[in-house]
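In: My questions concern the predicted model and sequence given below.
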Number of protein chains: 2
Amino acid sequence: MPVTRGRPRAFDRDEALRRATELFWERGYETASIADLTAAMGIRPPSLYAAFGDKRALFDEVVAGYKATASPVMEEALAAPTAREALDRLLHALADDYTDPSHPPGCLVISAAVNVADGDVRASLRADREASKAAIADRIAADAGRLDEGTDPKELATFYAAVVQGMSTQACDGASREELHAIATSAMRAWPARP
Amino acid sequence: MPVTRGRPRAFDRDEALRRATELFWERGYETASIADLTAAMGIRPPSLYAAFGDKRALFDEVVAGYKATASPVMEEALAAPTAREALDRLLHALADDYTDPSHPPGCLVISAAVNVADGDVRASLRADREASKAAIADRIAADAGRLDEGTDPKELATFYAAVVQGMSTQACDGASREELHAIATSAMRAWPARP
DNA sequence: GTCTTTCCGTAACGACCACTACAGAAAGAA
DNA sequence: TTCTTTCTGTAGTGGTCGTTACGGAAAGAC
């Protein structure tokens, strides 16, 4: 049975994880040092290592938690009756999310991935992005009947994935919520509707 | 008079700068260490500091050289007779450039900028990107008569800037030249042509 | 040749990196 | 109370960071 034995933890693990998420989100994987992290989390290095393993494991847990909160947004948007409406919802939902003042701007998986020297972390984040792109492609392919003939769902998914990445980068550069919605609206004009 | 006195430099400064450019392009500013740079440049740290100042000055020179070779591409594209053709040319030219096998993928200014802890470097690169965006907005505004009424040139420029950033990120993720051209073609469908 | 100037390689500087050995503190169990 | 277990803070570990002091080497000037 999981009775608590020994000295109890003096900090809130979830709260510490939240603060680590925020720092990784702002600074990326490598430029957020253990000293920075422990300062933000309000704990000392041994507590971090005891509770989370090492820096890489902490980052993995952060990304897992991020995906857990981000994927419902994506799933809900993609559940729209048509692929066009699904993409429209997704882009505008992300415009809101990327500029939500309650957390750092942009997408953690997109912005924390660029310029990461650690090959494992790099590959892991790339796989996450590829998975999102595949989910978009699947949603488009499932509604292929409404598309202009000759439209390749994977090609179109690549375009919208690029738009999402561009929105994230713009958000990190300080773009406003209105500007991101304008990007989303412009991107939807590129939808290849069957005439 | 600039007569060469003392022991002559034993390496080609331009070639060393080229190799530094390649490394910064692949790894970004902070994750490319002096040890990495000197190894790639084939010189020892004191030679680097004597020839280029410090890491930051070397990076500035790299970015300046990069912009010097990149801006003609942009200027030529934007010189097209219509704004629409200008953007079309620009996007497809960048699709070729970002996947040119003779140098690292994507755009140095875009990819080296994300997750930079150094505030000065970050601000400097952001200013470069804003300048490109402004150039696009100016070209669009100059051809406003051909646009759909109610189109905001700055808004449209933000969209195409986001597409360019997305293309760069996709290129870094290993997207092929064909995929990038497909993104460019899709993005041009969003052009707000006057009916 | 000798002097001056500039570059080169060696070998280090202090500061920071991710990470941890260790001892004391705080809890339940006996 | 005493023992065991687990967490805590202090104070480090070896390694790497950007940067440089220093002495020898290679050139023109005299």
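Out: Now that the structure is in, tell me what you want to look at.

In: average pLDDT for stretch A:166-178?
Out: Per-residue pLDDT values across stretch A:166-178 average out to 94.

In: quick one: the closest residue to DNA strand D within chain A and A:Ala50, what's the gap?
Out: Of all residues in chain A, A:Gly6 sits closest to DNA strand D, at 1.9 Å by Cβ to the nearest atom of the strand. (Glycine included, C-beta is placed from N, CA and C.) For A:Gly6, the distance to A:Ala50 under the criterion Cβ to Cβ, to the nearest Å works out to 11 Å.

In: Wasn't the residue of chain A closest to DNA strand D part of a helix?
Out: No: using DSSP: H, G, I helix; E, B strand; the rest coil, the assignment for A:Gly6 is coil, not a helix.

In: any idea how far B:Ser186 is from A:Arg27?
Out: Separation of A:Arg27 from B:Ser186 (Cβ to Cβ) stands at 33 Å.

In: cool, A:Asp12 as well?
Out: For A:Asp12 relative to B:Ser186 (Cβ to Cβ), the value is 46 Å.

In: Compare these two (neighbour count), which wins?
Out: B:Ser186 (23 against 12; other Cβ atoms under 10 Å in any protein chain shown).

In: contacting residues for the more buried one?
Out: Contact analysis of B:Ser186 by Cβ atoms under 8 Å, 6 or more residues apart in numbering or on different chains lists A:Glu155, A:Leu156, A:Phe159, A:Ala190.

In: Now with 6 Å, please.
Out: Shown in contact with B:Ser186 (Cβ atoms under 6 Å, 6 or more residues apart in numbering or on different chains): A:Phe159, A:Ala190.

In: Now do the helices in chain A.
Out: With DSSP state H as the criterion, chain A has helices at A:13-27, A:34-41, A:45-52, A:55-78, A:83-98, A:108-111, A:119-141, A:153-172, A:177-188.

In: Excluding chain neighbours, give the residue nearest to A:Val164 in space.
Out: Spatial nearest neighbour of A:Val164, excluding adjacent residues (Cβ to Cβ, 6 or more residues apart in numbering or on different chains): A:Leu94 at 6.1 Å.

In: before we move on, the earlier item: so which of A:Gly6 and A:Ala50 has more stuff around it?
Out: Per other Cβ under 10 Å, whichever of A:Gly6 and A:Ala50 has more neighbours is A:Ala50, with 10 against 5.

In: ok, the more buried one to A:Leu37 distance?
Out: Taking Cβ to Cβ, one finds A:Ala50 at 14 Å from A:Leu37.

In: same check, this time on A:Asp100
Out: Separation of A:Asp100 from A:Leu37 (Cβ to Cβ): 22 Å.
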